[in-house]
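> A structural model of the following input is requested.
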Amino acid sequence: MKKIELQRVAPADIEARSMEIIGQELGDRVFPADQLPIIKRAIHTSADFDYADNLVFSPDAVAAGIAAIKGGCTIVTDTQMAFSGINKKVLEKFGGKAVCFMSDPDVAAEAKERGETRATVSMERAAQLEGPLVLAIGNAPTALVRACELIEEGKMAPALVIGVPVGFVNVVESKELLLTMDTPHIVARGRKGGSNVAAAICNALLYQASNNARE
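Residues are numbered from 1 along each chain as shown. Got it, this is the predicted structure:
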């Protein structure tokens, strides 16, 4: 067996070392100070440096997200995977919570009856929630389109929309729709994204809000 030289890194230092490597590979590129931790965490979770170019931030999007977290917001995800990836211990310290309606039997039943996706119905459920709201959409463009419609109709006013669905059908179009709106947003332009990226962006905001506390 060929001998491979491995870096000796203590388990507790792996993330920090990863972030150092990401910083080195970004080289002399300059990003806004509040956006850089989000860009680096998206790269960290995906090993994809395209996020240095395709993440688009509306003015004050990061500040709006942090303010919502500190105000005890509800983060609504469009997948259980994104829900699972969010650091809920930190979120709960601010009085917030994360929810995902996708597995609710009544959501599934309503979606089937109406001929809609569960993601569409989930956004309608999110619109009924009280208090500050952050949408973290990493999978379903139908969720993002419905969220934009609800915002346009005045039925939903999220503090921040994280629009990073992944795929091919209406993915690019749903993101471009969000980019036309005044609602604070963070968008992964193009086809790339995913539930892991949505959760990573949420965690980057949580860690900024908590001075990097992890629990």
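> for the protein, longest helix please?
helix 195-209 (DSSP state H).
> who's in contact with the residue nearest to V76 when sequence neighbours are not counted?
Computed as Cβ to Cβ, 6 or more residues apart in numbering, the closest residue to V76 that is not its neighbour in sequence is A126, at 4.3 Å. Any C-beta I mention is one placed from the backbone N, CA and C, and that applies to glycine too. Counting by Cβ atoms under 8 Å, 6 or more residues apart in numbering, A126 touches 76, 101, 133, 135, 147, 156.
> and for G131?
Counting by Cβ under 8 Å, 6+ apart, the residues that G131 touches are 71-74.
> make sure it is indeed in a strand.
No: counting by DSSP: H, G, I helix; E, B strand; the rest coil, G131 is not part of a strand but coil.
> going forward, count from 15.
Okay, residue one is now 15; in that scheme the one you just asked about reads as G145.
> quick check on it: phi, psi?
phi 90, psi 180 (degrees, to the nearest 10).
> picking up where we left off before, and the pLDDT at the residue nearest to V90?
For A140, the model assigns a pLDDT of 97.
> about what we covered before: out of the contacts of A140, flag the one nearest to N68.
Set against N68, the nearest of the contacts of A140 by Cβ to Cβ is L149 (19.0 Å).
> where does that closest one sit: helix, strand or coil?
With three-state DSSP as the criterion, L149 was assigned strand.
> touching, it and A173? I think so.
No: between L149 and A173 there is no contact under Cβ atoms under 8 Å: 9.2 Å.
> looking at those two, which is more packed in?
The neighbour count for L149 versus A173, taken as other Cβ atoms under 10 Å, is higher for L149 (28 against 20).
> now that one: closest residue in space that isn't a chain neighbour?
Using Cβ to Cβ, 6+ apart, the nearest residue to L149 is V175, at 4.7 Å.
> distance of the one you found from G79?
When distance is defined by Cβ to Cβ, to the nearest Å, V175 is 10 Å away from G79.
> shared neighbours, those two?
What both V175 and G79 touch, as defined by Cβ under 8 Å, 6+ apart, is the set 148, 198, 200.
> quick check, the residue nearest to L149 in a strand?
Yes: secondary structure of V175 (three-state DSSP): part of a strand.
> cheers, nothing more for now.
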